[in-house]
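Trainee: prediction below, plus the sequence it came from.
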Amino acid sequence: MNLAIFLLALFDGVAYAALVFIVALGLTLIFGVMRILNVAHGSLYAIGAYATVSLTGYVLALGFAPVLAFPLMIVSAVLVGIAIGGPLEYFLLRRIYDKSEVLQLLVTFAVFMILEDVQRLVWGTQPYFDSSALQVLGNVSVFGVTYTAYQLILLPLIAVVLLLGMRFFLRRTVTGKLITATTEDREAAQSIGIDADKVFLFTFVIGAVLAGLGGALASPTTSILPGMGADMIVLSFAVVATAGLGQIEGAALTALMIGLGRSFAVYLYPEISVLVPYLIMVLVLLVRPEGLFGSPAARKI
Amino acid sequence: MSTRTDQPDTTAGKTSPEKGASPMKSALSLLWIIGIAAVVAVPFVAPSLKLLFTFAMAKGLGVLGVTVLLRAGQVSFGHALYFGIAAYAGAFLMTAMPSTDFLIVLLAGVAGATLASIFVGLFVVRYRGIFFGMLNLAFSMIFWSILEKFYHYTGGADGIRLERPTVFGSALNFNDFGMILYYVLVALMVGLGWYTMRWFNSPVGNLFQTIKTNETRLEYLGVSPKRALLSGYVLSAALCGVGGVMMGMAQGVVTPEYVWWVRSAEMVFIAVLGGAGSVQGAFLGALIYEAVRTYASVYAGDVWQMILGGFLLIIILFAPGGLIGILESLFKRKSDKKGGGK
Amino acid sequence: MTDALLETRDLVIKFGGVTAADHVSLKIHAGRNLAIIGPNGAGKTTFLNICTGWLKPSQGQVLFEGRDITPLPPRKIVDRGVARAFQIPQLFTEHTALENLLIAVSARDKRRNTVMDMTQIPERAEMLHLLDMVGCADVADTVVVELSEGQRKLIDIAIALALKPKLLLMDEPTSGVASSEKHSIMKILIGALKEAEVTSVFVEHDMGIVENYADEVAVWNNGNMQLRGTPAEILEHPDVIRDVIGEVA
């Protein structure tokens, strides 16, 4: 493996890790606060990607500058969060908080199945591709390796900003502290006047926006196809499980590990590249069943 | 006589109508006997439905596997893995040794699924709930990728043919083999269905079901909860394996589609539709599912998953007992003339 | 002096800043009923949790019949003959009272049968008798979630008894039981333990029960045993009256 290929694999891995982290961040946030694993998270990611491509295509066809692709990503992500995430929590999940974990899993799985077909109905089965955003930022050269600035600089930058922002938000802001309080003890939080329903709705919408944003940011770098949501939910679950459910910083590290593992495998053993994230997950969980950064919860008896 | 109440919990599954001998239970048993008789008669009375019933019974065996796990309060989103492993094991065997007897193919398939489930099971029984469900999904997706990528061995997305095996030494034509498969499936459905019900009521089966309610106590009885869960996990995989290899022989070709997550989801869906935890519900659900899919997919192929998801939500939220729950409450109303039912 | 049935040597466990077991060393001799009393948070339940393998001490050893059981998981310790009843009953909530006991006895006998109906196993009569003994014969076929707290407690103890242990550890066996029934239940229970030659340790807050049914009393405070003696000695002791009985009353 020469330097050029090494760098390519490194850059691929970092860019990929940044995207996976953004999606996994939403998943682990929702789980951490609401104790629900939202299987439909993968669909929100896919819809974020589809929405971005459609919006960008439409706006650019009207003759606007390609740089508008960036704000449109945010618009799409927020749309996904508010138009899909909001009603999902408000009309459905709210009814099942007192049900068993498995039942909740079944419900979000059912939503996932529904949203998979919604995508097919709205966007069909043809792949979409729009790399306007990629071209706007152009390329950078590092040690003779040319790479897109979008993937090498923008994506990792956004991931880091989101990580730091989320830490700051949860620890330093009033809303963040309300969320953490509700996470720790829902009844106690309600007794001191926190509206837990609102906190859950807000958290879920934020989580959904992150899924949509992941899709929006992924859209210029990949073909958008049916089934991408299914791949992403399993992958982001792998990241979150390897890190330990609810671990935000851990998810970032794990995403990097899994992203790099996968991209190096692409160059070294392409057949198994898809399997690498799962192999990492299984290996980690064999040694640490509660994940790299999770701690075992001892039951009180 | 048990005085338990059927609590509305989809993952519960204490809806087993095999205990006791109240008028309602015997009426229901009669219904099941009539049902089995009807299935036996199908190839003669309505030959056009034969294939539909064949697929429904094979799939029903897979659903039965998922049902077993629901009894311990666990859901697997990857059990198509065992359906597929068994089918591929059968296909590989037929490719390596043409004109093998179908019983050997059946055994090879089940052995493949069982072995794989011990291997995967030792890992996944460390987890419950979300992790259990999702790790099973991950394993099925790993196997699916292997099937797709290593096409030199697996035929990739096109899959491989599962040539028609011989039956006790003689090569049969398409129709005769279909009949053999059909009645073997009826026997498997009745036999394994009966065994599974007995298993639920047996000491081992009861220990397995306590995973759902109290693992602490289980540990303090001197039992390893992991071992208890593994016993049911292997049974569930073996049942899926029987269904998978029979499906493979019925279709004559196995593809990665067998392992696809949608197939796993379908099995969970049917188990919940039929009545979570109910043996009869697994087969009743599979039959209704196959029938609706065969006739409705022509009109609703594009929205099929959406319909499934919608129904799943409706059942979970409004009819957690599933079809069996509805059926039982109908019979209860008729037999409880004193009006004691709630 | 005879060898102890259960012996702990220098057990230490800390939760955050709290030392829940602070160098606990004691011996429990066969055939005796030891009551553990002490204020809330004294580390009584923690002691039971360490002895049964649920918690692992950071230091020290637990010996049962002279063999080190410290590293064993609870199920292995149960196999050696140590059973446990809980402060909050640990039952199989979807099964009936009788089925709970049948599951316990199936586990005890390591039944591997997968076809036989559990409700028809030969030990059924034995388990019905056990239910009768704890006064729950009339609710044998009731799903345990529908029982009263007191009845669930008794079923929980019956499950432990079904295992035919050599040593039975009970965490507040009579809490939740109606006070009019406490004494009759304890009388039957202690009688059954004596008859079956089961040694017992029970955490108890009711001094009337301690006075009447314990052979020995150990006083717990700040993560360790402070005093040990006969019920008469202990219940008269000024420190106990001040620190323990005062608080309970």
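Mentor: All right, it came through fine.
Trainee: counting contacts, what elements does the lowest-mean-pLDDT helix or strand in chain A pack onto?
Mentor: Least confident helix or strand, chain A: helix A:186-191 with a mean of 81, by mean pLDDT, DSSP states H and E. Under the contact definition 3 or more Cβ pairs under 8 Å, 6 or more residues apart in numbering or on different chains; DSSP states H and E, helix A:186-191 sits against helix A:174-184, helix A:196-218. Using the backbone N, CA and C atoms, a C-beta is placed for each residue, glycine as well.
Trainee: and the stretch 151-300 of chain B, which residues reach chain C?
Mentor: B:195, B:198-199, B:201-207, B:209-210, B:212-214, B:216-224 (Cβ under 8 Å from any Cβ of the partner chain).
Trainee: for stretch A:268-280, buried residues please.
Mentor: By neighbour count with 16 or more other Cβ atoms under 10 Å in any protein chain shown, stretch A:268-280 contains the buried residues A:272-280.
Trainee: first to last residue in it, what's the distance?
Mentor: Its start and end residues considered, stretch A:268-280 measures 16 Å (Cα to Cα, to the nearest Å).
Trainee: again with stretch C:59-76
Mentor: This stretch, stretch C:59-76, spans 20 Å end to end (Cα to Cα).
Trainee: is it positioned near chain B?
Mentor: Yes. Stretch C:59-76 reaches chain B (Cβ under 8 Å from any Cβ) through C:73-76.
Trainee: pick the one among those closest to chain A.
Mentor: Of all these, chain A sits closest to C:Pro74, with 9.9 Å by Cβ to the nearest Cβ.
Trainee: re earlier: lowest average pLDDT across the helices and strands packed on helix A:186-191?
Mentor: Sorting the helices and strands packed on helix A:186-191 by mean pLDDT places helix A:174-184 lowest, at a mean of 85.
Trainee: residues of it that come out buried?
Mentor: Neighbour-count burial for helix A:174-184 flags A:178-179, A:181-183 (criterion: 16+ other Cβ under 10 Å).
Trainee: what packs against the longest helix along chain C?
Mentor: In chain C, assigned by DSSP state H, the helix with the most residues is helix C:179-195. Here helix C:179-195 is seen to pack against helix C:149-162, strand C:199-203, helix C:207-213 when contacts are counted using 3+ Cβ pairs under 8 Å, 6+ apart.
Trainee: got those as TSV, with mean neighbour count columns?
Mentor: Listed next are the helices and strands packed on helix C:179-195 as TSV, based on neighbours: other Cβ atoms under 10 Å in any protein chain shown:
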stretch	mean neighbour count
helix C:149-162	24
strand C:199-203	25
helix C:207-213	18
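Trainee: quick revisit: keep the residues of the stretch 151-300 of chain B next to chain C, but drop any that are not near chain A.
Mentor: Among those, the residues that sit close to chain A (Cβ under 8 Å from any Cβ) are B:Thr216.
Trainee: tell me, what residue is most central in chain C?
Mentor: C:Met170 (1.7 Å; Cα atoms, centre = their mean).
Trainee: three-state assignment of that one?
Mentor: Put simply, C:Met170 is strand when judged by DSSP: H, G, I helix; E, B strand; the rest coil.
Trainee: do the same with the one 4 residues further on
Mentor: When classified by three-state DSSP, C:Thr174 comes out as coil.
Trainee: show me what contacts the residue nearest to the centre of chain C?
Mentor: Each residue near C:Met170 by Cβ atoms under 8 Å, 6 or more residues apart in numbering or on different chains is listed here: C:84-85, C:157, C:160, C:200-203.
Trainee: show me what it bridges to in the sheet.
Mentor: Beta bridges link C:Met170 to C:Ala85, C:Phe202 when assigned by DSSP bridges.
Trainee: for chain A, what spans make up the helices?
Mentor: Using DSSP H, the helices found in chain A span residues A:3-34, A:41-61, A:69-79, A:86-87, A:101-123, A:132-137, A:149, A:155-172, A:174-184, A:186-191, A:196-218, A:228-243, A:248-268, A:276-287.
Trainee: quick check, the fifth one touching chain C?
Mentor: No. Remark: helix A:101-123 sits outside contact range of chain C, by Cβ under 8 Å from any Cβ, the gap being at least 14.5 Å.
Trainee: what residues does the stretch 101-250 of chain A put near chain C?
Mentor: Counting by Cβ under 8 Å from any Cβ, the stretch 101-250 of chain A has no residue next to chain C.
Trainee: sorry, back to before: so can I have JSON lines of the helices and strands packed on helix A:186-191 showing distance to A:Pro226?
Mentor: JSON lines is the format used below for these (distance: least, Cβ to Cβ, whole Å):
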{"stretch": "helix A:174-184", "distance to A:Pro226": "34"}
{"stretch": "helix A:196-218", "distance to A:Pro226": "13"}
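Trainee: look up the closest residue to B:Ile160, ignoring the ones flanking it.
Mentor: Nearest non-adjacent residue to B:Ile160, counting by Cβ to Cβ, 6 or more residues apart in numbering or on different chains: B:Ala91, 4.9 Å away.
Trainee: ok, that neighbour to B:Met97 distance?
Mentor: Noted for B:Ala91: a distance of 12 Å to B:Met97, by Cβ to Cβ, to the nearest Å.
Trainee: looking at the two, which is more packed in?
Mentor: Neighbours per residue (other Cβ atoms under 10 Å in any protein chain shown) separate B:Ala91 from B:Met97, with B:Ala91 holding more: 27 against 12.
Trainee: now for whatever helix or strand that one lives in, which elements pack on it?
Mentor: In this assignment (DSSP states H and E), B:Ala91 forms part of helix B:80-96. Applying 3+ Cβ pairs under 8 Å, 6+ apart, one finds that helix B:80-96 contacts helix B:50-70, helix B:102-124, helix B:129-149, strand B:160-161, helix B:225-251, strand B:253-254, helix B:261-275.
Trainee: including mean neighbour count and mean pLDDT, could the ones you listed go into a markdown table?
Mentor: Formatted as a markdown table, the helices and strands packed on helix B:80-96 follow (neighbours: other Cβ atoms under 10 Å in any protein chain shown; pLDDT from 0 to 100):
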| stretch | mean neighbour count | mean pLDDT |
| --- | --- | --- |
| helix B:50-70 | 27 | 96 |
| helix B:102-124 | 20 | 96 |
| helix B:129-149 | 23 | 88 |
| strand B:160-161 | 18 | 92 |
| helix B:225-251 | 26 | 97 |
| strand B:253-254 | 22 | 95 |
| helix B:261-275 | 26 | 88 |
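Trainee: thank you, goodbye.
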